[in-house]
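Q: can you look at this prediction? I've put the sequence above it.
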Amino acid sequence: MIEEGRIEVYSYGEGAQHSKYVLYWMQQAQRVSYNHALNYAIDQANEYDLPLLVVFCVTPNYVGANARHYHFMLEGLAEVADTLKEKGIGFVLEKSHPVEGVLKYIKDAKMLVMDKGYLRHQRQWREELVQQIKEVVSMTAIEIDTDLIVPVTIASEKVEHAARTIRPKLWRLYPNYDHQPIQDKVKKKWKISLIKNIDRCDMTEDLIRQDYQGLIDSLGVDESVKPSKKYQGGYSKAIETLEEFFEAKLNKYKDPSPVTRNTSRMGMYLHFGQISSLEILKRLYKYVSEQKSAGNYIDQESVDGFIEQVFVRRELAYNYVYYTQGYDQFDKMTDGWAYQTMAMHRDDEREHIYTLEELIKCNTHDPYWNDAMREMVETGYMHNYMRMYWCKKILEWSPSYQEAYEHAIYLNNRYFIDGRDPNGYTGVAWCFGKHDHGWKERPIFGKLRYMNANGLKRKFKM
């Protein structure tokens with residue numbers, strides 16, 4: 001069952017006259033499990049007695065992406081390709097801009113299913129694609145919100161002020177959207193001969209052979225940031241990482257220390273849609289129930305804290321980018337009071353000022369910041385608490401607030417595996433007052449929340 005609130009109809013039409021398949025353009029949700037869009041496409045294919053074709057477009061020189069991001073993504077897509085093949089569903093990896101790539105398969109499609117995109121360029125892709133389809137054929141185009149537990153437009157119709165304003169809305173709606181999507185079997189198996197007349201590149205076969213470097217080379221990807229040697233992409237790896245977290249760290253999650261590092265590391269998998277936040281919650285509830293039934297101790301405060309992050313905070317971030325047109329622009333990303341306090345303190349003297357190059361080289365006077373930045377540059381990950389501290393220090397060490405913001409966004413998007421993500425844009429904006437409130441007046445920060453190394457040492461065994 002696909003809840004109606006997840007479905008948005010872009011257009012209606014009969015599709016190609018002699019339709020060969022139902023088409024699912026996979027983009028945001030790069031997975032098979034808990035993928036409402038894929039399930040909907042399977043249902044439609046079965047209803048029309050047609051096979052299903054899934055197309056994924058790998059965009060050369062995707063803005064802000066580098067070898068680290070592509071490699072992690074391709075690891076996940078290889079698993080997707082294998083799983084779809086086992087289910088009798090077609091999969092094609094296209095090297096092209098998404099609109100151009102999907103249009104190549106429209107002429108033989110009965111209808112188009114898309115997963116929902118939330119960032120500006122993702123939404124523009126879908127709108128442009130549907131507009132171009134209308135010029136070619138009358139076709140039904142459906143978008144399914146599957147990467148959020150409560151669909152973004154159902155949760156709220158406006159940008160929310162803070163977690164406290166969206167939280168009650170989400171929990172009130174949660175019972176309507178917590179259903180595990182049941183995936184039917186496809187009735188008609190896919191045959192590659194159905195697209196034999198299309199000029200295809202050999203990317204799909206390269207992907208199945210797991211020739212990631214060959215694919216990356218063919219795409220002309222920025223290889224100055226190397227793939228992470230520590231973290232591997234894919235649904236199976238996401239599940240393995242989640243289960244390790246449950247067993248070893250869940251009961252300690254309430255401890256935010258960057259030393260003990262009791263984090264789930266789900267952010268990178270959620271970013272590429274390799275796992276669903278709904279599946280994470282379902283697995284969490286099942287694990288907690290089993291542990292309690294076995295008489296094992298469960299720290300409820302830690303469980304609640306993890307749910308808050310996976311559900312409330314994450315969906316707040318998506319609300320922010322969806323309803324904030326300038327979520328990635330300094331003069332539009334935060335609230336009026338924050339701009340006012342920054343204006344009052346823009347000429348405050350800075351004791352330390354570092355260039356972007358110095359930040360990248362981890363060359364500051366702060367050993368904690370340097371170590372966190374080094375981990376980010378080398379592995380693509382940083383502890384959640386240190387992410388806040390990291391950004392606050394960039395704010396303090398930059399000659400202007402705008403330069404601080406731009407440097408933070410650039411570094412976030414370039415080095416983190418989950419860069420260019422709603423959580424990343426929201427996290428940086430939070431350091432500049434978004435979803436926060438005024439604090440004690442201080443130099444440079446004004447009323448923005450302050451963080452320093454002494455606070456780290458006071459709270460944690462740094």
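A: Structure received.
Q: for D299, which non-adjacent residue is closest in space?
A: Computed as CB to CB, 6 or more residues apart in numbering, the closest residue to D299 that is not its neighbour in sequence is N251, at 4.3 Å. (Each C-beta comes from the backbone N, C-alpha and C, glycine too.)
Q: ok, that neighbour - contacts?
A: N251 makes contacts with Y297, I298, D299, S302, as judged by CB atoms under 8 Å, 6 or more residues apart in numbering.
Q: dump those into CSV; add distance to H161 as well.
A: Output for the contacts of N251, formatted as CSV (distance: CB to CB, whole Å):
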residue, distance to H161
Y297, 37
I298, 33
D299, 30
S302, 27
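Q: ok, and the most crowded of the residues you listed?
A: Counting neighbours by other CB atoms under 10 Å, S302 comes out on top of those with 17 neighbours.
Q: quick one, grab the pLDDT at that residue.
A: If you check S302, the pLDDT there is 98.
Q: hmm, it is touching P256, no?
A: No - the criterion here is CB atoms under 8 Å, and S302 misses it with P256 at 10.8 Å.
Q: which residues in the stretch 301-450 of the chain form helices?
A: Applying DSSP state H, counting those that start in this stretch to the stretch 301-450 of the chain gives helices spanning 314-323, 336-344, 356-360, 367-379, 384-396, 401-415, 422-431.
Q: mind giving me TSV with the ones you listed and columns for mean neighbour count and distance to D217?
A: Listed next are the helices of the stretch 301-450 of the chain as TSV, based on neighbours: other CB atoms under 10 Å; distance: least, CB to CB, whole Å:
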stretch	mean neighbour count	distance to D217
helix 314-323	23	32
helix 336-344	16	44
helix 356-360	15	25
helix 367-379	18	22
helix 384-396	22	32
helix 401-415	21	20
helix 422-431	24	27
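Q: I'd like those helices written out as a markdown table, with distance to E279 and mean pLDDT added.
A: Supplementary listing: the helices of the stretch 301-450 of the chain in a markdown table, determined by distance: least, CB to CB, whole Å; pLDDT from 0 to 100:
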| stretch | distance to E279 | mean pLDDT |
| --- | --- | --- |
| helix 314-323 | 13 | 98 |
| helix 336-344 | 36 | 98 |
| helix 356-360 | 36 | 98 |
| helix 367-379 | 25 | 98 |
| helix 384-396 | 21 | 97 |
| helix 401-415 | 26 | 98 |
| helix 422-431 | 18 | 98 |
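Q: got a markdown table for these, with distance to V225 too?
A: Putting the helices of the stretch 301-450 of the chain into a markdown table (distance: least, CB to CB, whole Å) gives the following:
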| stretch | distance to V225 |
| --- | --- |
| helix 314-323 | 23 |
| helix 336-344 | 30 |
| helix 356-360 | 10 |
| helix 367-379 | 8 |
| helix 384-396 | 17 |
| helix 401-415 | 6 |
| helix 422-431 | 15 |
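Q: what's the closest of those to V152?
A: With CB to CB, the closest approach to V152 among the helices of the stretch 301-450 of the chain belongs to helix 314-323: 5.0 Å.
Q: what's the spacing between G267 and G326?
A: The gap separating G267 from G326 is 23 Å, by CB to CB, to the nearest Å.
Q: more crowded one of the two?
A: Taking neighbours as other CB under 10 Å, G267 and G326 compare with G267 leading, 20 against 11.
Q: my guess is the more buried one meets N423, correct?
A: Yes - counting by CB under 8 Å, G267 does reach N423; the two are 6.5 Å apart.
Q: where are the low-confidence patches of this protein?
A: Low-confidence segments of the chain (pLDDT under 70): 196-202.
Q: distance of the most centrally placed residue in it relative to V159?
A: Nearest to the mean C-alpha position of the chain, by CA atoms, centre = their mean, lies H271 at 2.4 Å. Counting by CB to CB, the gap from H271 to V159 is 21 Å.
Q: before we move on, what about T334?
A: Relative to V159, and taking CB to CB, T334 is found at 11 Å.
Q: go on, R31?
A: Relative to V159, and taking CB to CB, R31 is found at 28 Å.
Q: more neighbours: which of the two?
A: Using other CB under 10 Å, the more surrounded residue of R31 and V159 is R31, with 26 against 19.
Q: doesn't G273 make contact with that one?
A: Yes - using CB under 8 Å, R31 is in contact with G273, at 5.8 Å.
Q: pretty sure W337 contacts G433?
A: Yes - counting by CB under 8 Å, W337 does reach G433; the two are 6.8 Å apart.
Q: what's the overlap in contacts for the two?
A: K447.
Q: output the longest helix belonging to the protein.
A: For the chain, the helix with the greatest residue count under DSSP state H is helix 67-86.
Q: which elements pack onto that one?
A: strand 52-58, strand 90-95, helix 203-208, helix 212-219, helix 235-248 (3 or more CB pairs under 8 Å, 6 or more residues apart in numbering; DSSP states H and E).
Q: which outside residues touch stretch 303-320?
A: Stretch 303-320 has contacts (CB under 8 Å, 6+ apart) with 118, 147-150, 152, 155-156, 159-160, 162-163, 166-167, 170, 174, 250, 253-254, 264, 266, 270, 277, 280-281, 284, 288, 327, 422-423, 425-427, 429, 434-435.
Q: just the CA coordinates of that stretch, formatted as PDB?
A: Provided in PDB are the C-alpha atoms of stretch 303-320 (Å, rounded to 0.1, in the frame of the first residue of the first chain):
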ATOM      1  CA  VAL A 303      16.600   5.300  22.000                       C
ATOM      2  CA  ASP A 304      14.500   8.500  22.100                       C
ATOM      3  CA  GLY A 305      17.500  10.600  21.200                       C
ATOM      4  CA  PHE A 306      18.300   8.500  18.200                       C
ATOM      5  CA  ILE A 307      14.700   8.600  17.000                       C
ATOM      6  CA  GLU A 308      14.700  12.400  17.400                       C
ATOM      7  CA  GLN A 309      17.700  12.600  15.000                       C
ATOM      8  CA  VAL A 310      16.500  10.100  12.400                       C
ATOM      9  CA  PHE A 311      13.000  11.300  12.300                       C
ATOM     10  CA  VAL A 312      12.400  14.800  13.600                       C
ATOM     11  CA  ARG A 313      15.700  16.500  13.000                       C
ATOM     12  CA  ARG A 314      16.200  15.000   9.600                       C
ATOM     13  CA  GLU A 315      12.700  15.900   8.400                       C
ATOM     14  CA  LEU A 316      13.200  19.400   9.800                       C
ATOM     15  CA  ALA A 317      16.300  19.700   7.500                       C
ATOM     16  CA  TYR A 318      14.300  18.600   4.500                       C
ATOM     17  CA  ASN A 319      11.500  21.100   5.400                       C
ATOM     18  CA  TYR A 320      14.200  23.800   5.500                       C
END
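Q: I appreciate the help and will end here.
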